[in-house]
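In: Got a sequence here, can you model it:
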Amino acid sequence: MKLNKITKGVLLGITAFGLQISAQTSIAVTPLPADLFDLPYCEVLPNIVNSDHSVTQFAFNTLGYNDCPVDQFSTITKQNVMDAYYAAYGVTPVSATLNGHRFFVIDSLIEVLPDPVPTLTVNGTEFGWRGTVTIPSGGATIGSQPYVAITIARDSTWKYKKDRLVYELIDPTGDVYTMQSFSQQVDPSLTINDLKHLGPKDHLPVGWKYRVRRLEANLDLVAAGTTQIINDYFHNAYQINPNAHVHLEKSEKESDLE
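Out: Numbering: from 1, shown residues only. A predicted model of the protein is given here:
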C-alpha cells in the first residue's frame with residue numbers, strides 16, 4: 001500500500017514494548033482486506049499504571065490477523081489479557097478492557113505501524129497493536145464512559161467512499177465525530193442496517209445530535225500522530241472529523257436522507 005496520504009512523522013515511544021518508535025524507525029504496513037465495510041473485528045486493551053498514576057492503554061485488534069470468531073473471543077477474560085501481556089512483555093497490567101464484537105463502517109484503511117508490529121496472543125486469538133492512549137489519573141479509559149472524547153496516538157487514514165452513508169455524533173460545541181465501527185456489546189442484535197435509525201434511541205446527552213448523511217465525495221479521516229475518539233451508548237466508535245463543524249445556531253436535522 002502507498003503511504004502518500006499518511007504523515008510518516010513520529011508515532012510514539014512504546015516503552016512497555018521495549019521499543020522507541022521515531023521517524024527513523026522502519027515502517028510496516030499490515031496486509032489488510034481490500035474491503036473493510038461490515039467486516040468483524042475485536043480488540044483487547046491491557047491497562048498499565050504509570051509512575052505519575054496515569055494509565056496507558058495499548059489497543060490490540062484482530063484486523064489483518066483474523067475475523068474475531070465469536071466462539072473464540074467469548075472465551076477471553078480480562079485476566080487472560082493481563083496474563084498474556086505479562087508473558088509477552090514482562091509488564092503487569094492493572095486491568096484490561098475487552099472491546100468487541102465490532103464491525104467496520106469504513107471502506108478501507110491505511111495505517112503506519114512499527115516494524116515489527118507488537119502482537120498479543122490471547123487464548124489462541126492473535127491481535128496486533130493499533131494505538132496507545134494515556135489517560136490522566138482519574139480520567140476515562142476507552143469504553144468506560146460514553147460521549148467523552150479521548151486522545152489516542154496513531155497514524156492512520158479511515159477511507160469512506162462517495163455515496164456511502166456516514167453516521168455522525170455532533171457534540172454541544174459543534175465538533176463532528178464520524179463512526180468508524182459499530183458494536184454488539186450492548187445490543188447483540190445490532191446490525192449495519194439499524195444505524196440509520198439509531199439516533200432516537202441513542203440516549204443522547206443534552207446538546208448532542210446524531211446525524212446520518214450520504215457522502216457527496218470520498219471522505220478521508222486522517223490521524224497524523226494523534227486523534228480524538230468517542231463512544232456512544234452502544235459502544236459504537238467515532239473519530240473526530242477536523243474538517244467538519246456544525247454551527248449550532250442553525251437548526252440541524254437528525255438525518256438528511258431523503
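In: Just confirm A217 contacts D163, I think it does.
Out: No. The pair A217 and D163 fails to qualify as a contact (C-beta atoms under 8 Å) at a distance of 9.4 Å. (C-beta placed from N, C-alpha, C; glycine too.)
In: tell me how far the ends of stretch 127-143 are from each other?
Out: End-to-end span of stretch 127-143 (C-alpha to C-alpha, to the nearest Å): 18 Å.
In: what's the longest helix anywhere in the chain in contact with?
Out: Identified as the longest helix of the chain according to DSSP state H is helix 78-89. For helix 78-89, the external contacting residues (C-beta atoms under 8 Å, 6 or more residues apart in numbering) are 16-18, 44-46, 58, 91-93, 95-98, 118-123.
In: now with 7 Å?
Out: Where contact means C-beta atoms under 7 Å, 6 or more residues apart in numbering, the residues beyond helix 78-89 that reach it are 16-17, 44, 46, 91-93, 95-96, 98, 120-123.
In: pLDDT below threshold where in the stretch 151-258 of the chain?
Out: Within the stretch 151-258 of the chain, the ranges that satisfy pLDDT under 70 run 248-258.
In: for it, what spans make up the strands?
Out: For the stretch 151-258 of the chain, applying DSSP state E, counting those that start in this stretch gives strands covering 165-170, 175-183, 209-214, 219-231, 237-245.
In: and the angle from the second one to strand 209-214?
Out: Pointing back at strand 175-183 there. Put simply, strand 175-183 runs at 80 degrees to strand 209-214, going by axes from the mean of the first three to the mean of the last three C-alpha atoms, to 10 degrees.
In: picking up where we left off before, buried subset of the contacts of helix 78-89, written for PyMOL?
Out: With 16 or more other C-beta atoms under 10 Å as the criterion, this PyMOL line picks the buried residues out of those:
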select buried, resi 16+17+44+46+91+93+95+96+98+120+122
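In: from the contacts of helix 78-89, which ones fall inside strands?
Out: Of the contacts of helix 78-89, the ones assigned to strands by DSSP state E are V44, P46, S95, A96, L98, L120, T121, V122.
In: Which pair of the residues you listed spans the longest distance?
Out: Farthest pair in these (C-beta to C-beta) is S95 and T121. Separation: 19.3 Å.
In: Next, count neighbours for the residue nearest to S137 when sequence neighbours are not counted.
Out: What sits nearest to S137 in space, not counting adjacent residues and going by C-beta to C-beta, 6 or more residues apart in numbering, is H53, at 4.0 Å. By other C-beta atoms under 10 Å, the residues close to H53 number 9.
In: and the gap between H53 and Q145?
Out: Computed as C-beta to C-beta, to the nearest Å, the H53 to Q145 distance reads 18 Å.
In: quick one on the thing from earlier: return the member of the contacts of helix 78-89 nearest to Q72.
Out: Nearest to Q72 among those, with distances taken as C-beta to C-beta, is N123, at 6.7 Å.
In: quick one: the closest one and I76, what's the gap?
Out: With distances taken as C-beta to C-beta, N123 is found 5 Å from I76.
In: what do you get for N243?
Out: Using C-beta to C-beta, N243 is found at 37 Å from I76.
In: out of the two, which sits in the more crowded spot?
Out: Between N243 and I76, counted using other C-beta under 10 Å, I76 has the larger neighbour count: 20 against 10.
In: Now that one: which helix or strand?
Out: Using DSSP states H and E, I76 sits in no helix or strand.
In: Contacts only, for it.
Out: V44, L98, V122, N123, T125.
In: same thing but at 6 Å, please
Out: I76 is in contact with V122, N123, counting by C-beta atoms under 6 Å, 6 or more residues apart in numbering.
In: Okay, helices next: where are they in this structure?
Out: In order along the chain, the chain carries the following helices (DSSP H): 70-73, 78-89.
In: how about the CA coordinates for the longest one, as CSV?
Out: Pointing back at helix 78-89 there. The C-alpha coordinates for helix 78-89 follow below in CSV (Å, rounded to 0.1, in the frame of the first residue of the first chain):
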residue,chain,number,x,y,z
LYS,A,78,-9.7,-9.6,31.3
GLN,A,79,-7.4,-11.8,33.4
ASN,A,80,-6.5,-13.7,30.3
VAL,A,81,-5.4,-10.5,28.6
MET,A,82,-3.4,-9.4,31.6
ASP,A,83,-1.6,-12.7,31.8
ALA,A,84,-0.9,-12.8,28.1
TYR,A,85,0.5,-9.3,28.2
TYR,A,86,2.8,-10.1,31.1
ALA,A,87,4.0,-13.2,29.4
ALA,A,88,4.8,-11.3,26.2
TYR,A,89,6.3,-8.1,27.6
